[in-house]
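Q: I need the structure of the sequence given here:
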Amino acid sequence: MISSCGYSNSPQHEEKVDVVDEDQVERLAQVSVGAEQTTDYLPLLQDKKVGIVGNQSSLIGETHLVDSLLSLEINVMKVFSPEHGFRGKADAGEFISSEKDQKTGLPIVSLYGKNKKPTQEQLKGLDVVLFDIQDVGVRFYTYISTLHYVMEACAEANIPVIVLDRPNPNGHYVDGPVLDMRYKSFVGMHPVPIVYGMTIGEYGKMINGEGWLEGDLVCDYSVVPCKYYDHNTPYSLPVPPSPNLRSDVSIQLYPSLCILEATTVSVGRGTDGPFERYGHPDFPEMDFEFTPKSGPGSKNPKHKDVKCYGYNMGEQEGHRETKFDLNFLLNSNILLKGKTFIDRSRMFNLLSGNDELAQQLNAGKSEEDIRASWQEKLDAFKLVRAKYLIYE
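A: Below is the predicted model:
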């Protein structure tokens, strides 16, 4: 599993966190993901031409789902891959080309770049599409957008979609501003908060049930659930879901730190601790410092080869985030007062899901005031969410 490291609180990050207890650890050891429930879905694949949407996280134990199904003589015809590619090695936003899998010879169709939605030609001849990708439960993490487009394309082609569900490592809370649909994009397609507290299987049910597919389409959609999992179960991912989420703490902090990507602040891309730290060359000199370098998963990181001062949150064990934490944004804004903070306002608005948060930061609003501004819509979303939950 990914190493489980927590974080040391800076003065700006002293909010309450949950500590994993022994009962939770025992429950974690029992969790069985949807892909492992082969008796539940293999009969649905027999004598069918199967397409798989997957990446490096699509595992049954230590064996890739594609290899497992082929060994069981399932007729896998084609693989579709999301952002970061089939092997999960590409940078965020990097162009992914369609190719062949070197091991199996299967054609791989990229669902990133210009071709985010499978075409009818690409789906031609398939009887069923199996979707198995590890998500992290954050609105701007693009695997849920890929799920949307797969469901939409398959609904148009009358092809059923089966999701092999996986736990959400951030599934124990719901928080953050709800997307204003004026800012709909591939990093936010639906009116949900930044942290929505659902597995990807549950999320697909909501896409269908809320009529979010184009033209009021409804996908023939089913979920193979996890076993021994609920939303309070801590879950350490067996492999990184993307190149820069390499540890439990990075996945926990990702919802709160990623929005800094649309500012001049570095979140540690190009270091050995991406999304475990944040800093800037113009922060005041402090004990912790890092220098981003070009490397795998980050070929051209922000502030490349420039020393950044900042904060390291990757040192303690056992902590879990319980909210979308504004303190990283607020602290950075204070430390860079009078200098460019939000350098790409459009991207900042797309990640935050509105133009209000940037205005609130620039106006010096308090955390309490900012959080209060999104509470009504957040409460309304929780009522919607409740209709589609599979797990307690």
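
Q: in stretch 329-347, which residues are buried?
A: By neighbour count with 16 or more other CB atoms under 10 Å, stretch 329-347 contains the buried residues 329, 330, 331, 332, 333, 335, 336, 341, 342, 347. Placement of C-beta: from N, CA and C, glycine included.

Q: so residue 250 sits right up against residue 272, yeah?
A: No. Using CB atoms under 8 Å, residue 250 makes no contact with residue 272, being 11.0 Å away.

Q: which one of the two is surrounded by more residues?
A: Between residue 250 and residue 272, residue 250 has the larger neighbour count (other CB atoms under 10 Å), namely 26 against 12.

Q: from the buried residues of stretch 329-347, which land in helices?
A: Among the buried residues of stretch 329-347, the members found in helices (DSSP state H) are 329, 330, 331, 332, 333, 335, 347.

Q: please enumerate the helices of the protein.
A: Under DSSP H, the chain gives helices at 22-30, 38-45, 65-71, 120-123, 143-157, 200-209, 248-257, 327-335, 345-352, 356-362, 367-386.

Q: tilt between the last one and helix 345-352?
A: In this structure, helix 367-386 runs at an angle of 50 degrees to helix 345-352, with axes from the mean of the first three to the mean of the last three CA atoms, to 10 degrees as the basis.

Q: I'd like the mean pLDDT over helix 367-386, please.
A: Across helix 367-386, pLDDT averages out at 98.

Q: contacts for it, please.
A: Contact partners of helix 367-386, identified using CB atoms under 8 Å, 6 or more residues apart in numbering, comprise 174-178, 191-193, 196-198, 206, 210, 326-327, 330, 356-357, 360-361.

Q: for that helix, C-alpha coordinates in PDB please.
A: Extracted as PDB, the C-alpha positions of helix 367-386 are listed here (Å, rounded to 0.1, in the frame of the first residue of the first chain):
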ATOM      1  CA  GLU A 367     -12.400  31.700   6.900                       C
ATOM      2  CA  GLU A 368     -15.700  31.800   8.900                       C
ATOM      3  CA  ASP A 369     -17.300  34.300   6.400                       C
ATOM      4  CA  ILE A 370     -16.100  32.300   3.400                       C
ATOM      5  CA  ARG A 371     -17.300  29.000   4.700                       C
ATOM      6  CA  ALA A 372     -20.700  30.500   5.600                       C
ATOM      7  CA  SER A 373     -21.100  31.600   2.000                       C
ATOM      8  CA  TRP A 374     -21.300  28.100   0.600                       C
ATOM      9  CA  GLN A 375     -23.100  26.300   3.500                       C
ATOM     10  CA  GLU A 376     -26.700  26.600   2.100                       C
ATOM     11  CA  LYS A 377     -25.700  24.900  -1.200                       C
ATOM     12  CA  LEU A 378     -23.600  22.400   0.600                       C
ATOM     13  CA  ASP A 379     -26.500  21.300   2.700                       C
ATOM     14  CA  ALA A 380     -28.700  21.000  -0.300                       C
ATOM     15  CA  PHE A 381     -26.100  18.800  -2.000                       C
ATOM     16  CA  LYS A 382     -26.000  16.500   1.000                       C
ATOM     17  CA  LEU A 383     -29.700  15.700   0.500                       C
ATOM     18  CA  VAL A 384     -29.100  14.900  -3.200                       C
ATOM     19  CA  ARG A 385     -26.100  12.700  -2.300                       C
ATOM     20  CA  ALA A 386     -28.000  10.700   0.300                       C
END
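
Q: mind listing what's buried in it?
A: Residues of helix 367-386 classed as buried: 370, 371, 374, 377, 378, 381, 385 (neighbour count, 16+ other CB under 10 Å).

Q: hmm, back to that, tabulate the ones in helices among the buried residues of stretch 329-347 in a markdown table, adding columns for distance to residue 169.
A: Output for those, formatted as a markdown table (distance: CB to CB, whole Å):
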| residue | distance to residue 169 |
| --- | --- |
| 329 | 22 |
| 330 | 25 |
| 331 | 25 |
| 332 | 25 |
| 333 | 28 |
| 335 | 29 |
| 347 | 25 |
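
Q: which one of these is nearest residue 101?
A: Proximity to residue 101 was ranked across those by CB to CB; first place goes to residue 347, at 32.7 Å.

Q: nearest residue to that closest one other than its sequence neighbours?
A: Using CB to CB, 6 or more residues apart in numbering and skipping the chain neighbours, the partner closest in space to residue 347 is residue 262 (4.1 Å).

Q: likewise for residue 154?
A: residue 161 (5.0 Å).

Q: check residue 136 too.
A: residue 251 (5.4 Å).

Q: and for the nearest residue to residue 30 once chain neighbours are set aside, the neighbour number?
A: Counting by CB to CB, 6+ apart, the nearest residue to residue 30 once its immediate chain neighbours are dropped is residue 228, at 3.9 Å. Counted with other CB under 10 Å, the neighbours of residue 228 add up to 12.

Q: kindly report the same for the one 4 residues further on.
A: Under the neighbour criterion other CB under 10 Å, residue 232 is assigned a count of 14.

Q: the nearest residue to it once chain neighbours are set aside and residue 106, how far apart?
A: Spatial nearest neighbour of residue 232, chain neighbours left out: residue 172 (5.2 Å); criterion: CB to CB, 6+ apart. Applying CB to CB, to the nearest Å, the value for residue 172 to residue 106 is 36 Å.

Q: how about residue 311?
A: 44 Å.

Q: ok, those two, which is more surrounded?
A: Of the pair residue 311 and residue 106, residue 311 is the one with more neighbours under other CB under 10 Å, namely 22 against 18.

Q: I'd guessed that one sits against residue 277; true?
A: Yes. Applying CB under 8 Å as the test, residue 311 and residue 277 come out as touching, 6.2 Å apart.

Q: please enumerate the shared neighbours of those two.
A: Contact criterion CB under 8 Å, 6+ apart; residues bridging residue 311 and residue 277 by contacting each: residue 288.

Q: bridging residues for the nearest residue to residue 70 once chain neighbours are set aside?
A: Once its chain neighbours are removed from consideration, residue 70 has its nearest residue in residue 76; the separation is 5.7 Å (CB to CB, 6+ apart). Taking DSSP bridges, one finds residue 50 as the beta-bridge partners of residue 76.
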